[in-house]
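Engineer: quick one: sequence plus predicted model below, questions after.
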Amino acid sequence: MRTPIRYIILLLTLATGVSTVDAQSFRKTLNAAAAGEKIIIDGRLTEAIWQKAEKAVNFIQLKPEPGQPATKPTAVSILYDDEAVYVGAMLYDDHPDNILRQFSARDDDGGNTDEFGVTFDTYFDNQNATSFLVTAAGVQVDAIVKFDGINTAWNAAWYSAVAITDSGWSVEMKIPYSALRFPKKEVQLWGVNFVRSIRRYREYNYWNAVSPNVANILSQSGLLNGIHDVVAPLRLSLLPYVSAYAQNYAGHNAQSLNGGMDVKYGFNESFTLDMTLVPDFGQTIYDNKVLNLSPIEVKYDERRYFFTEGLDLFNKNDLFYSRRVGGTPVNYSKPYVALDSNERVIENPVNTRLYNATKISGRTKTNLGIGFFNAVSAPANATLQDTFTFSTRKLQTSPLTNYNVLVLDQALKNNSYISFVNTNVARNDNTYNADVTALLFKFANKKNTYGVDGSGDMSQLYKAGKDDVGYRYYLNFGKLSGNNTWDIRTRSITDRFNPNDLGYLDRNNITYYQVDEYYNTYKPFGIFNTTYNHVGIDYYRVYNPNAFMQAEIFGSHSAILRNYLYIGAYWVSQPFKINDYFEPRTPGRYYVRPQNYTIGATWSSDYRKKFALDGEINYKGFSEANHTTRFWSLSPRYRFSNKFSMIYSIDWQLQQGDVGFVNKVGDSIYLGVRKINTMTNTIDAAYIFTNKMSLKLAARHYWSQAEYSRYNLLMADGKLANTTYNTNHDINFNSFNVYMSYIWQFRPGSEMSVVYQNSIYSVGQNIETNYFNDVNNTIQTPASNSLSVKVIYYLDYLELRNVFHKNI
């Protein structure tokens with residue numbers, strides 16, 4: 001798999017080793033120059049000032065030969081004026097015809113292309129930065145970079161152009177001050193680094209040397225001097241939108257015309273207000289729905305733009321899961337329980353409507369990050385109909401609800417921090433409110449060789465005048481530096497801890513202890529470019545009652561070979577029987593699962609070639625007969641040209657002899673022995689017309705069956721007994737989705753999108769053994785189809801002011 005930005009993956013996969021202090025002592029310095037003339041962003045570097053400005057040269061490899069000089073020279077200069085910072089780069093290449101230039105959509109995988117990027121640490125705190133990258137095809141990529149993570153969903157309005165020359169290729173960027181946050185100082189001192197990738201060599205080069213053994217890439221930046229007497233401008237931008245929808249479901253047509261606006265306002269040089277008014281998320285891509293027979297909630301990715309952009313400060317400890325905002329009504333199932341004998345549910349909204357959402361975030365001069373988020377969702381009502389009189393009545397499934405998050409994040413020396421988080425959900429009827437408070441910390445020694453981090457949380461649920469309080473703590477100590485690292489951790493979660501009104505927790509009521517050991521190599525040897533090794537052991541107990549749950553040892557081993565074939569293997573062993581306290585869905589009850597082991601392998605071939613193949617295979621064996629799990633996955637991809645590419649994926653899993661919960665009648669808990677057969681087919685295709693215009697297709701068919709061979713009664717000792725229970729719980733589940741989008745970015749920050757969506761979901765009890773018959777039956781199921789057009793226009797106060805002054 002590849003992330004949206006290849007070079008940013010490097011920011012996160014850099015392990016640890018050379019001390020931060022040592023890395024900082026070798027910081028290079030670059031002086032910015034005043035532009036003094038109008039810079040035309042055409043990628044040509046023809047202005048005289050580019051030739052006079054100081055150059056950042058002598059780039060150093062990160063891959064494939066860490067610490068060695070780059071194979072091709074690069075020269076970068078930085079200019080500035082009252083409006084923006086300008087970056088000009090000449091990327092020399094004696095074979096310009098060999099420069100790889102695959103097109104991609106904005107912020108998508110750079111594909112098979114060379115790249116150049118710059119990262120600004122404007123507060124010079126080694127913990128927060130903004131990154132701007134351009135591919136040799138002219139595609140823009142931007143991101144928020146932190147010492148412990150990135151946010152690739154962040155988008156800024158900036159300008160860039162590239163040109164292929166006889167000497168290689170060149171880049172010009174104009175980054176308005178409105179896209180940056182920086183302190184109010186007469187003289188600026190920023191951290192800066194430049195990255196260049198030469199794709200045909202799989203080579204990554206940095207201006208200020210970056211070691212794969214250092215924990216924090218931002219602490220390895222160079223210094224940018226020379227910017228002075230610039231004033232952070234009024235940062236005010238409006239993004240009004242209009243959208244039109246035509247929808248059809250089971251022969252019923254509907255149309256709608258919508259409008260709204262996003263507002264961004266920087267009320268000082270450090271803090272920004274983001275607000276969405278009457279948001280429209282209708283063009284959001286579909287969720288990858290799955291058949292979930294487990295007691296654990298499926299966590300789906302956030303795909304709504306407002307909730308993916310600029311929320312990195314809030315995403316701590318999984319206390320803010322933005323899908324809760326405007327998500328499923330809190331009493332969604334209530335109508336089916338409250339039905340009279342002659343009633344039926346004719347409408348029950350799956351999601352609540354969002355009135356508005358606001359976030360304020362920024363960082364003070366003392367490096368205190370402050371984040372505030374607030375959103376209000378509308379009441380939701382189900383409609384019930386009398387089957388005799390056809391009269392209807394409304395039943396509220398969710399009251400007017402307010403969601404609130406407050407974060408205080410104090411950055412400290414040595415990549416350390418201490419954070420306070422509070423989340424609150426307040427419902428208008430006051431029947432059920434929720435509050436969670438947490439304290440998080442990380443402390444590292446001066447050389448960043450050892451560190452300790454942890455957290456403590458308290459949840460409070462207020463139901464019918466009663467408080468329900470729960471707690472959680474986490475503590476981790478480890479060695480951060482070197483090819484060989486390790487950590488020791490523990491976590492305890494009480495059975496009453498529940499952050500899930502606004503956060504996400506898969507399981508509470510557990511205590512665990514875990515030890516991990518890592519050994520990685522980054523310099524090529526033999527047939528290997530890099531190798532990664534991890535082994536660990538863990539031990540789990542249930543919190544209440546205090547009892548053994550499970551223990552396991554595990555490991556993973558992978559390598560990138562000299563020919564850039566990635567290979568990996570992993571294994572897990574659970575040598576003791578497992579007391580599963582979650583499957584019975586009843587406090588204090590458990591099911592004894594057998595010992596088991598898992599072995600698996602993965603591979604991925606070189607993406608520089610037109611054809612590449614990814615794959616995975618694994619096997620899970622149990623100590624009892626007729627109980628296995630088999631899985632395999634294949635994903636071929638083909639690049640037809642620099643503009644057209646396609647990826648096909650197929651996954652198959654067969655679980656035989658699996659045991660799971662089916663029903664509870666009184667105090668009797670029934671589990672079923674089942675065969676679960678799951679197959680997923682996906683197609684992703686993209687045709688990129690230009691670096692600002694793309695057509696993309698995503699299609700997915702997910703088919704999963706659970707066929708029960710027998711049912712058993714769960715005994716008090718966790719074993720199964722025969723029973724006469726024979727209710728049919730077989731399931732045949734299908735999810736079929738098509739998403740096609742045309743996107744044209746007609747100016748920075750502005751775009752027009754045309755989206756077609758088709759969605760089919762079907763659930764039945766008839767087990768279909770023929771795949772093609774199942775597909776045919778699924779297609780015959782009533783489908784939801786929609787066609788939408790949306791236009792977003794970016795209005796920047798400074799641009800509007802300049803236009804106004806010119807026309808006076």
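Structural biologist: Nice, thanks for sending it over. Numbers count the residues shown, from 1 in each chain.
Engineer: quick one: residue 408 and residue 362, what's the gap?
Structural biologist: Applying C-beta to C-beta, to the nearest Å, the value for residue 408 to residue 362 is 12 Å. To be clear about C-beta, it is placed using only N, CA and C from the backbone, and glycine gets the same treatment.
Engineer: what about those two, which has more around it?
Structural biologist: residue 362 (19 against 16; other C-beta atoms under 10 Å).
Engineer: wait, what's in contact with the nearest residue to the more buried one once chain neighbours are set aside?
Structural biologist: With sequence-adjacent residues excluded and distances taken as C-beta to C-beta, 6 or more residues apart in numbering, residue 362 is closest to residue 271, at 3.2 Å. By C-beta atoms under 8 Å, 6 or more residues apart in numbering, the residues touching residue 271 are 360, 361, 362, 370.
Engineer: pLDDT score assigned to residue 271?
Structural biologist: As predicted, residue 271 sits at a pLDDT of 86.
Engineer: now do residue 180
Structural biologist: On the pLDDT scale, residue 180 gets 88.
Engineer: residues contacting the closest residue in space to it that isn't next to it in sequence?
Structural biologist: Leaving aside its sequence neighbours, residue 180 sits nearest to residue 122 (C-beta to C-beta, 6+ apart; 5.8 Å). By C-beta under 8 Å, 6+ apart, residue 122 lies in contact with 129, 130, 180, 181, 182, 183, 188, 190, 191.
Engineer: which residues touch residue 34?
Structural biologist: 79, 80, 81.
Engineer: ok, so of those residues, who is nearest residue 563?
Structural biologist: Compare each of the contacts of residue 34 with residue 563 using C-beta to C-beta and the shortest gap goes to residue 79, at 41.8 Å.
Engineer: am I right that the closest one is in a strand?
Structural biologist: Yes. Assessed by DSSP: H, G, I helix; E, B strand; the rest coil, residue 79 belongs to a strand.
Engineer: give me the below-cutoff pLDDT ranges for the stretch 51-200 of the chain.
Structural biologist: Applying pLDDT under 70 to the stretch 51-200 of the chain flags residues 109-110, 147-149.
Engineer: who's residue 140 bridged to?
Structural biologist: Residue 140 has these beta-bridge partners by DSSP bridges: residue 134.
Engineer: same check on residue 569?
Structural biologist: On the basis of DSSP bridges, residue 569 is bridged to residue 557, residue 601.
Engineer: okay, and the common contacts of residue 408 and residue 362?
Structural biologist: Shared contacts of residue 408 and residue 362 (C-beta under 8 Å, 6+ apart): 369, 370.
Engineer: gap between the residue nearest to residue 180 and residue 163?
Structural biologist: Residue 122 is 28 Å from residue 163, by C-beta to C-beta.
Engineer: which stretches of the stretch 701-808 of the chain form helices?
Structural biologist: Assigned by DSSP state H, counting those that start in this stretch, the helices in the stretch 701-808 of the chain fall at 771-780, 797-807.
Engineer: least confident secondary structure element in this structure?
Structural biologist: Within the chain, no helix or strand scores below helix 20-24, which has a mean of 37 by mean pLDDT, DSSP states H and E.
Engineer: tell me the helix or strand right after that one.
Structural biologist: On the C-terminal side of helix 20-24, the nearest following helix or strand under DSSP states H and E is strand 29-31.
Engineer: can you name the residues that contact residue 370?
Structural biologist: So residue 370 contacts 271, 360, 361, 362, 363, 364, 407, 408, 409 (C-beta under 8 Å, 6+ apart).
Engineer: SS state for it?
Structural biologist: With three-state DSSP as the basis, residue 370 sits in strand.
Engineer: likewise residue 355?
Structural biologist: strand.
Engineer: need the nearest residue in space to the most centrally placed residue in the chain, chain neighbours excluded.
Structural biologist: Centroid check for the chain by C-alpha atoms, centre = their mean gives residue 301 as the closest residue, at 6.8 Å. Among residues not flanking residue 301 along the chain, residue 287 sits closest, at 7.7 Å (C-beta to C-beta, 6+ apart).
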